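A.B. asks: Sequence first, predicted coordinates after that:
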Amino acid sequence: MQLIILDRDGVINEDSDAFVKSLDEWVPLPGAIDAIARLSRAGWTIAVATNQSGLARGLFSPATLDLMHARLEKLVAEQGGRIDLIRYCPHGPDAGCDCRKPQAGLFQQIATYFACDLHGVPTVGDSLRDLQAGTSVGCTPYLVLTGKGQKTASQTLPADTRIFADLAAVVDHLLEA
């Protein structure tokens, strides 16, 4: 199985410092849906791991989050691909949970679900905590410069982090390999 783990906000869809709180605010980044569909059609298994502390903050409901994810899945399906798994952390930053990135809980849930080792699995994020969560379980980090990626690129990144303009560029690279 060729597995990839994607962050959501800032990688797949536009991010907002005020949170993505509604279906109207969930706007795919240019080329992201096509990139996911291309990877899926090429036989890759697509997982999404996303912090969604807006739930704990009361900014949106689980039903609204489900609608956002249903739209993502529908858009990818319309292009002949699929999202195989979405896992999210509903907790706030001070909850002390093990699933909020940079903790590895979401990645461990994905590994358990697919009964696989994550060593070498590409993980794509726009923030340092996305990359740290992945590398803590052996994933290969890919930073995209969308979302918070430009700011993140100026920080000390995990060893061997690969930097690309956006998710489409990551997928181009993976499909060429």
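C.D. replies: Right, received. Where do you want to start?

A.B. asks: all strands of the protein, in order?
C.D. replies: 2-6, 44-51, 85-89, 122-125, 140-144, 162-164 (DSSP state E).

A.B. asks: so what's the residue nearest to Ser53 when sequence neighbours are not counted up against?
C.D. replies: Spatial nearest neighbour of Ser53, chain neighbours left out: Gly92 (4.9 Å); criterion: C-beta to C-beta, 6 or more residues apart in numbering. No exception for glycine: its C-beta is placed from N, CA and C like everyone else's. The contact partners of Gly92, by C-beta atoms under 8 Å, 6 or more residues apart in numbering, come to 53, 56-57.

A.B. asks: cool, Leu128 as well?
C.D. replies: Neighbours of Leu128 in contact, by C-beta under 8 Å, 6+ apart: 102, 152, 155, 157.

A.B. asks: and if we set it to 10 Å?
C.D. replies: By C-beta atoms under 10 Å, 6 or more residues apart in numbering, Leu128 lies in contact with 101-102, 141, 143, 148, 151-153, 155-158, 161.

A.B. asks: swap in Trp44?
C.D. replies: So Trp44 contacts 1-4, 36, 38, 81, 84, 122, 171, 174-175 (C-beta under 10 Å, 6+ apart).

A.B. asks: Where does the prediction get shaky in this structure?
C.D. replies: Along the chain, no part satisfies pLDDT under 70.

A.B. asks: ok, the residue of the chain most remote from its centre - contacts?
C.D. replies: Taking C-alpha atoms, centre = their mean, the residue of the chain most remote from its mean C-alpha position is Gly58, at 21.9 Å. Gly58 is in contact with Gly92, counting by C-beta under 10 Å, 6+ apart.
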